[in-house]
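> Sequence first, then the predicted structure:
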Amino acid sequence: MTELAIGLVGFGWMGRRHTEAYQRLPHHFPEAPVPRLEVVAEVDPDLRAAASALGYRRAVEAWQEVIADQRVDAVSIATPNWLHREVAVAAATAGRHIWLEKPAGRDLADARAIAAAVAAAGVATVVGFDLRFAPCIRRAREIVAAGELGEIHSVRAAFLTDYAADPAAPHGWRFRRDLAGSGALGDLMAHLVDLSRFLVGEIVAVGATCTTVVPERPAPDDPGRMIPVENEDQVVAVARFAGGATGQLEASRVAPGRRSEISIELTGSDGALSWRFDRLNELRVAGRPSAAPSGWTRRHADGSFPGYAAFQPAPGLPMGYDDLKVLGAHELCRAVAGEAGIAPVADAVRTAAVLAAMEGSPSAERPRAVEYD
Ligand SMILES: NC(=O)c1ccc[n+]([C@@H]2O[C@H](COP(=O)([O-])OP(=O)(O)OC[C@H]3O[C@@H](n4cnc5c(N)ncnc54)[C@H](O)[C@@H]3O)[C@@H](O)[C@H]2O)c1
């Protein structure tokens with residue numbers, strides 16, 4: 001396959017990132033099929049015009065036209081969560097490969113329905129758990145798998161952000177159960193659960209305290225009218241991993257001063273590692289206290305880190321979030337070619353099962369088992 005014809009649904013924030021990633025793919029992965037921007041569906045007419053200007057051959061209002069277009073090989077789904085299931089099931093059933101934004105629907109039932117359609121159709125999938133693609137995270141996974149940290153006994157992860165910290169911030173789809181499903185759980189905690197599972201292994205039990213801090217917000221079109229917030233603003237969770245580690249996971253969309261602060265630390269019997277999103281290309285690693293050098297050492301990504309060499313020939317140059325999307329587009333090509341991917345929808349189902357257990361648990365102090373099947 002030399003070309004991959006793309007259909008995209010939802011040309012908002014993530015839809016534009018997918019588009020840009022497709023356009024940049026040949027620069028970074030010249031051996032991959034060249035994406036061809038075939039058709040985009042977007043309900044906002046201004047965004048449809050923008051999508052046409054940025055290279056799509058056709059811009060339509062109804063997403064069903066994307067699925068029906070026989071030229072389309074793969075569909076990017078970047079709508080609000082409530083449409084993930086309907087569009088993904090239709091795309092899979094029509095034999096289209098899928099790059100689906102996280103969290104793969106509103107809840108576990110949505111994620112399972114998508115996975116079932118994908119399995120029945122045998123199409124390739126990538127879910128937008130972008131942190132998996134970061135070269136330092138891939139290296140961290142290698143370090144854990146090589147046993148460099150010994151027995152991992154502690155996982156600390158946080159995703160703290162302030163996009164909803166101002167009570168005057170307007171209501172939107174992210175605050176509605178019917179459109180988003182959960183709040184900070186699906187939006188932010190999903191990344192932490194996915195990342196922890198990717199690095200440390202399966203989570204067997206969780207407890208979580210979910211809190212709605214701002215109970216109502218002004219309507220976007222009428223600031224004098226208040227609308228209830230239907231899902232949680234913050235989650236504090238405790239997790240038990242199959243390998244024996246205990247995790248503390250915290251997600252908040254109402255944390256003043258925090259601007260997309262994502263971090264993870266693993267502590268084991270022989271060492272520890274630490275990574276944070278705002279230092280995407282830097283991994284801090286420590287050995288035992290008696291090892292030399294003692295304390296943290298910094299490892300900057302270079303060509304030996306998975307994925308890095310596609311971007312820079314020299315070590316230690318900063319990569320950014322958009323580069324992770326290019327790696328996501330490459331994952332899609334790899335999956336379409338039949339290679340084992342690192343972010344298939346089956347993983348999103350397992351992450352959704354952990355989130356469901358968090359939501360169903362009475363509190364962080366009272367964990368319950370995760371039911372995967
Ligand atoms: N991977 C990540 O880290 C990450 C980051 C942000 C958002 N997301 C996910 O991406 C998805 C989209 O989020 P966003 O921030 O881009 O939202 P957004 O609101 O910016 O964009 C969504 C777009 O979908 C369009 N849309 C709505 N209904 C539609 C329909 N019926 N047909 C076609 N288009 C329709 C909207 O007009 C809008 O332009 C969500 O599932 C979100 O969770 C993932």
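Noted; the coordinates are in hand.

> now the nearest residue to Gly10 once chain neighbours are set aside: how far from the ligand?
Ranked by CB to CB, 6 or more residues apart in numbering and with sequence neighbours excluded, the top spatial neighbour of Gly10 is Thr79, at 3.7 Å. Where you see a C-beta, it was placed from the backbone N, CA and C, and this is true even at glycine. Summarising the geometry, the distance separating Thr79 from the ligand, computed by CB to the nearest ligand atom, to the nearest Å, is 4 Å.

> go on, Arg288?
When Arg288 is compared with the ligand (using CB to the nearest ligand atom), they lie 35 Å apart.

> Ok, Ala158 next?
On the measure of CB to the nearest ligand atom, Ala158 and the ligand end up 15 Å apart.

> That residue touches Ser260, doesn't it?
No: with contact taken as CB atoms under 8 Å, Ala158 and Ser260 are classed as non-touching, separated by 11.2 Å.

> Which of the two has more residues huddled nearby?
Summary of the neighbour comparison: Ala158 and Ser260, criterion other CB atoms under 10 Å, with Ala158 having more neighbours (21 against 13).

> where does Ser290 land on pLDDT?
pLDDT for Ser290: 89.

> Then Arg253?
Arg253 carries a pLDDT value of 98.

> Would you confirm that it contacts Asp233?
Yes: with contact taken as CB under 8 Å, Arg253 and Asp233 are classed as touching, separated by 5.5 Å.

> With adjacent residues omitted, what lies nearest to Arg334?
Setting aside the residues directly before and after it, Arg334 is nearest to Gly341 in space (CB to CB, 6+ apart), at 6.1 Å.

> Any idea how many residues pack against the residue in the chain positioned nearest to the ligand?
At 1.8 Å from the ligand, Gly12 is the closest residue in the chain, using CB to the nearest ligand atom. Gly12: 14 surrounding residues under other CB under 10 Å.

> Quick check: it touching Ala78?
Yes: Gly12 is within contact range of Ala78, at 6.6 Å (criterion: CB under 8 Å).

> List the residues that contact the residue of the chain closest to the ligand.
Neighbouring residues of Gly12 by CB atoms under 8 Å, 6 or more residues apart in numbering: 42, 47, 78-79.

> any idea how far it is from Ser294?
Going from Gly12 to Ser294 by CB to CB, to the nearest Å gives 48 Å.

> got it, and Phe198?
Spatial separation of Phe198 from Ser294 under the definition CB to CB is 28 Å.

> more crowded one of these two?
Under the criterion of other CB under 10 Å, the comparison of Phe198 against Ser294 puts Phe198 first, with 21 against 11.

> where's the more buried one, which helix or strand?
Secondary structure here is read from DSSP states H and E; on that basis Phe198 sits in helix 190-200.

> Now do that helix: distance to the chain's middle.
Helix 190-200 has its average C-alpha position 10 Å from the chain's average C-alpha position, going by CA atoms, centre = their mean, to the nearest Å.

> That helix and the ligand, are they touching?
No: remark: helix 190-200 sits outside contact range of the ligand, by CB under 6 Å from any ligand atom, the gap being at least 6.5 Å.

> just checking, what packs against that helix?
helix 135-145, strand 152-160, strand 203-211, strand 234-241, strand 246-252, strand 261-268, helix 345-360 (3 or more CB pairs under 8 Å, 6 or more residues apart in numbering; DSSP states H and E).
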